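[1] model the structure of this input:
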Amino acid sequence: QLQLEEAGGGLVQDGGSLRLSCTASGRDFLSYAMGWFRQSQGKEREFVASISWYSGSTSYADSVKGRYTISRDNGANAVYLQMNDLTPEDTAVYYCAAKKSQLPVRGELSPVDYWGQGTQVTVSS
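    Got it, this is the predicted structure:
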């Protein structure tokens with residue numbers, strides 16, 4: 001079982017950057033592919049990015065490609081999301097997610113085994 005805790009959200013201006021982090025507690029972090037999802041007010045939760053357990057494969061939603069970078073530090077049981085060139089459309093609650101898998105990631109994690117509680121990102125225009 002994993003417990004996931006996000007940090008790093010906040011308020012940033014249009015064009016700014018933020019780095020989210022997610023720390024996992026529990027066993028076997030290496031057994032999990034990790035990812036990020038987001039949910040804007042009034043919309044369904046959507047996939048943002050994913051990364052395989054060994055960082056050899058990553059996948060991104062088209063809306064964030066070229067602006068966001070997902071990475072992980074297995075020694076620290078952590079996964080990160082570097083977000084650049086933010087726009088107000090990126091405003092959402094961002095959730096860390098884990099799926100037990102040691103396969104390369106292709107697209108979003110599904111089904112997700114564990115979720116974090118979410119961290120708010122607000123981009124002002």
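[2] what are the boundaries of the helices in the protein?
    Using DSSP state H, no helices are assigned anywhere in the chain.
[3] tell me the centre residue of it?
    Compute the mean C-alpha point of the chain, and by Cα atoms, centre = their mean the closest residue is residue 36, 2.3 Å away.
[4] residue contacts, that residue?
    Applying Cβ atoms under 8 Å, 6 or more residues apart in numbering to residue 36 gives the contacts 20, 22, 48, 49, 50, 70, 79, 81, 94, 95, 96, 97. All C-beta spots, glycine's among them, are computed from the backbone N, C-alpha and C.
[5] who's in contact with the closest residue to residue 110 other than its chain neighbours?
    Distance criterion Cβ to Cβ, 6 or more residues apart in numbering; nearest residue to residue 110, sequence neighbours excluded, is residue 99 at 7.3 Å. By Cβ under 8 Å, 6+ apart, residue 99 lies in contact with 32, 33, 34, 35, 109, 110, 111, 112, 113.
[6] quick one on the thing from earlier: show me which of the contacts of residue 36 is closest to residue 104.
    residue 50 (9.9 Å; Cβ to Cβ).
[7] doesn't residue 59 make contact with the closest one?
    Yes. The criterion here is Cβ atoms under 8 Å, and residue 50 meets it with residue 59 at 4.8 Å.
[8] more crowded one of the two?
    residue 50 (27 against 20; other Cβ atoms under 10 Å).
[9] pLDDT at the more buried one, what is it?
    As predicted, residue 50 sits at a pLDDT of 97.
[10] again, but for residue 86
    Looking at residue 86, its pLDDT is 98.
[11] quick one, phi/psi of it?
    Note on residue 86: its backbone torsions stand at phi -70, psi 150 [degrees, to the nearest 10].
[12] thought residue 19 was touching it, still the case?
    No. Between residue 86 and residue 19 there is no contact under Cβ under 8 Å: 11.3 Å.
[13] about what we covered before: can I get the contacts of residue 36 in TSV with distance to residue 2?
    As requested, the contacts of residue 36 are exported to TSV (distance: Cβ to Cβ, whole Å):
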residue	distance to residue 2
20	17
22	10
48	19
49	18
50	15
70	17
79	11
81	17
94	17
95	13
96	10
97	10
